[in-house]
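In: Here you go, sequence then predicted model.
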Amino acid sequence: MSIKIETYRGFEIRFEADRERFTFSLDETKWHEKQSYSACKKQIDEFWKEKRLFEPFKVKRMGTHFNDESIIEIISIRKDNRFVYKDDKGELKQLSDYSEKAYILCQDSDDKYFAEIAILKTEIDDIEKKIKTVKAKITAPTLEQLKKQFVTD
């Protein structure tokens, strides 16, 4: 009797009750047999490291207001499926699952959109300067200034 235990890293691990052994297949043609569940996982991990080709790629952080864009190179993926990159100091860091939502793949086809965003940012900066200039012309007293008229020490 064969009982499915788990699908680990894409490979099905089964328990063969009649032989009291754990089995799994790495290539769908040959089944491997181990005495322990952990031995199965270990061999799958070793196979995963050796056979899995990981090509590094660059991603760009897309900030909420597109003002904190930064590029990092993803160099590997951990056993827990977290991406690994090198920071500016050369230290290995992992990218949190939450942060993955903020990064997009760097593609040349998107450069025109980033140029458009840069132009729009400039327009925003110009408008903010104009607003600041107009605000400076307002002569009405602040509430703090008015309060001084009502409060006597």
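Out: Arrived safely. Numbers count the residues shown, from 1 in each chain.

In: okay, which residue is most central for this structure?
Out: Glu100 (2.0 Å; Cα atoms, centre = their mean).

In: Now that one: closest residue in space that isn't a chain neighbour?
Out: Excluding the flanking residues, the one nearest Glu100 by Cβ to Cβ, 6 or more residues apart in numbering is Phe83, at 7.2 Å. Just so you know, the C-beta spots here come from the backbone N, C-alpha and C atoms, and that holds for glycine as well.

In: how about the helix-or-strand element of the chain with minimal mean pLDDT: buried residues?
Out: The helix or strand of the chain with the poorest confidence is helix 37-51; it has a mean of 83 (mean pLDDT, DSSP states H and E). For helix 37-51, a neighbour-count test (16 or more other Cβ atoms under 10 Å) marks Cys40, Lys41, Ile44, Phe47, Trp48 as buried.

In: beta partners of the residue nearest to Glu100?
Out: When bridges are called by DSSP bridges, Phe83 pairs up with Ile77.

In: Which pLDDT value goes with it?
Out: Listed pLDDT for Phe83 reads 89.

In: That one and Gln94 touch, don't they?
Out: Yes: using Cβ atoms under 8 Å, Phe83 is in contact with Gln94, at 6.9 Å.

In: the more surrounded of those two?
Out: Phe83 (20 against 14; other Cβ atoms under 10 Å).

In: how far away is the more buried one from Phe57?
Out: 10 Å (Cβ to Cβ, to the nearest Å).

In: Ok, Arg82 next?
Out: Distance, Arg82 to Phe57, by Cβ to Cβ: 15 Å.

In: Show me which of these two is the more surrounded one.
Out: Legend: neighbour count by other Cβ under 10 Å for Arg82 and Phe57, higher for Arg82 (15 against 11).

In: Just give the nearest non-adjacent residue to the more buried one, would you?
Out: Nearest non-adjacent residue to Arg82 (Cβ to Cβ, 6+ apart): Gln94, at 4.6 Å.

In: Alright, that wraps it up for me.
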